[in-house]
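[1] Structure here, sequence nowhere to be found:
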Ligand SMILES: [Ca+2]
């Protein structure tokens, strides 16, 4: 029996009985040939086909044929070979797969690294950008600085040129002032001849009409030039606009700042000893006086303890006043003021005092004149001035006034034939008339133009026609 192809699950059933053995697929001729030998035998043969066998498989009722068995084994062997080969291929593929997996991991790592590198590159780029911007800003600042330096330089040059112009104008005007003084004298002499008058009102001699040295080289203007450039009005108390005053409202000095609640003290030295180291207004009551007064104590100068009795600083107070005003005092304690002759007399008679005169010119420079002792005689003696010896850097312009009584507009006690207070526009211890008056007219700008020397002048420092910017007179008990 020969089968060309086998299907899975196919079963060949051969049944042999007496006289017959049949198979559905057996050829009829074969059956006929075997009939006499197999008549009393019956056998069953089951053939189970193997999967995927391509070659022919033969079966026989007489047992397996040796040739056919060998073919089957070879096939099996072949199949095993094929299987083995396929297994190797699978293993190879497995290896390749592993390799691929490793490659994939490496690729992932590389991608991650690449991302990190990108991030780093971005960061570096930002840093670079920032650096470029910063350098550009620095360059701009440098350019601006250079521009400012150039502007300042050009401004300096402009000011230097302006200064030279002004110096030239000053020289011209100083010459005019001198010429006018001479001219005035000539005119007065001429008038005397023309009108047959042999006596003219006496005029006090002038001191240093135009000083050789003027304080503060930066302010060589006359007050007239100053007004011209600053469009300012005439100074207060000048001859033209302010007459002498005896305004009672300004008597005594009016306090405007904050008054220290402690006190009263006998003077600012006692204030200082009591531990008050701040300059300001304090209540004083001199020994032997029944009057309480307010005064400015200067605690920041030369160990403190200075009682200020006169101050000029801005022209805010008119000093062209009568005897009663000068006796009681006027002005504002924290500004321009005169403490009053009677108060100064009472304070200074309490002990041994020294006097400090502080002067400031229009360039801001301060100088001082100090006198080793200071006191006044009583009113009946006209508050005569008693001074000790001078020391300082302002020059001594006050010693020539030593021993002189006080003169005001309405009480002439000076050595001059006329009234010095009239010419100098303020009460003072005049001689005839003298080297200084710190109660004159406050002229802004320094050098001023006037027929008489009526500014705030100190002949030794600036001459008679230089009006100081600020002055103070103060006394302190000698330790
Ligand atoms: Ca006189």
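    Sure, I can see it. Keep in mind that this is a model prediction, so the values were computed, not measured. Numbers count the residues shown, from 1 in each chain.

[2] counting contacts, what elements does the helix or strand encompassing residue 114 pack onto?
    In the assignment (DSSP states H and E), residue 114 maps to helix 66-195. If contacts are counted by 3 or more CB pairs under 8 Å, 6 or more residues apart in numbering; DSSP states H and E, helix 66-195 sits against strand 57-58, strand 221-222, helix 223-230. In this view, the C-beta of every residue, glycine as well, is placed from N, C-alpha and C.

[3] Can you list the low-confidence ranges for the stretch 151-300 of the chain?
    For the stretch 151-300 of the chain, residues meeting the criterion pLDDT under 70 lie at 195-201, 208-257.

[4] what sits against the residue in it that the ion sits nearest to?
    Nearest to the ion in the stretch 151-300 of the chain, going by CB to the ion, is residue 202, at a distance of 8.9 Å. When contacts are counted by CB atoms under 8 Å, 6 or more residues apart in numbering, residue 202 is found next to 416-418.

[5] can you narrow these to ones near the ion?
    For the ion, the contacts drawn from these by CB under 5 Å from the ion are residue 416.

[6] Most neighbours among the contacts of residue 202, which one?
    residue 416 (19 neighbours; other CB atoms under 10 Å).

[7] Which positions in the chain make contact with the ion?
    412, 414, 416.

[8] so the last one, which of the three states?
    Look at residue 416: counting by DSSP: H, G, I helix; E, B strand; the rest coil, its state is coil.

[9] Residue 373 now?
    With three-state DSSP as the basis, residue 373 sits in strand.

[10] Tell me if I'm right that it and residue 352 touch.
    Yes: here residue 373 reaches residue 352: they are 6.3 Å apart, a contact under CB atoms under 8 Å.

[11] what touches both of these two?
    With CB under 8 Å, 6+ apart, residue 373 and residue 352 have common neighbours residue 478.

[12] list the contacts for residue 271?
    By CB under 8 Å, 6+ apart, the contact list for residue 271 reads 260, 263, 265, 282, 284, 297, 299, 305.

[13] brain fart, residue 338
    253, 309-310, 319, 325-326, 329-331, 439.

[14] Of those, select the buried ones using a ChimeraX command.
    Paste this into ChimeraX to select the buried members of the contacts of residue 338, with burial taken from 16 or more other CB atoms under 10 Å:
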select :253,309,310,319,325,326,329,330,331,439
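
[15] Closest to residue 463 out of the contacts of residue 338?
    Using CB to CB, residue 439 comes nearest to residue 463 of the contacts of residue 338, at 17.8 Å.

[16] which element is the closest one on?
    Residue 439 belongs to no helix or strand, assigned by DSSP H and E.

[17] Could you dump the residues of the chain next to the ion into CSV and include pLDDT?
    Conversion of the residues of the chain next to the ion to CSV gives the following (pLDDT from 0 to 100):
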residue, pLDDT
412, 96
414, 94
416, 92
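
[18] from those residues, which single one is nearest residue 358?
    The shortest approach to residue 358 among the residues of the chain next to the ion belongs to residue 414, at 25.0 Å (CB to CB).

[19] What is the burial count for that closest one?
    When neighbours are counted by other CB under 10 Å, residue 414 registers 25.

[20] who touches the closest residue to it other than its chain neighbours in this structure?
    Ranked by CB to CB, 6 or more residues apart in numbering and with sequence neighbours excluded, the top spatial neighbour of residue 414 is residue 430, at 3.7 Å. With contact set as CB under 8 Å, 6+ apart, residue 430 has these partners: 401, 404, 407, 413-416, 420-421, 424, 437.

[21] switch to 7 Å and redo it
    By CB atoms under 7 Å, 6 or more residues apart in numbering, residue 430 lies in contact with 404, 407, 414, 416, 420-421.

[22] for those, which one is nearest residue 124?
    Lowest distance from residue 124 to those (CB to CB) belongs to residue 421, with 87.5 Å.

[23] Would you map the helices across the stretch 351-479 of the chain?
    Here the stretch 351-479 of the chain has its helices, by DSSP state H, counting those that start in this stretch, at 420-424.

[24] coming back round to it: for the contacts of residue 202, could you give me CSV that also reports distance to residue 182?
    As requested, the contacts of residue 202 are exported to CSV (distance: CB to CB, whole Å):
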residue, distance to residue 182
416, 22
417, 22
418, 21
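
[25] from the contacts of residue 202, which single one is nearest the ion?
    Distances from the ion to these, taken by CB to the ion, are shortest for residue 416, at 4.6 Å.

[26] show me the contacts for the closest residue to the closest one other than its chain neighbours.
    Among residues not flanking residue 416 along the chain, residue 432 sits closest, at 3.9 Å (CB to CB, 6+ apart). Residue 432 is in contact with 204, 414-416, counting by CB under 7 Å, 6+ apart.
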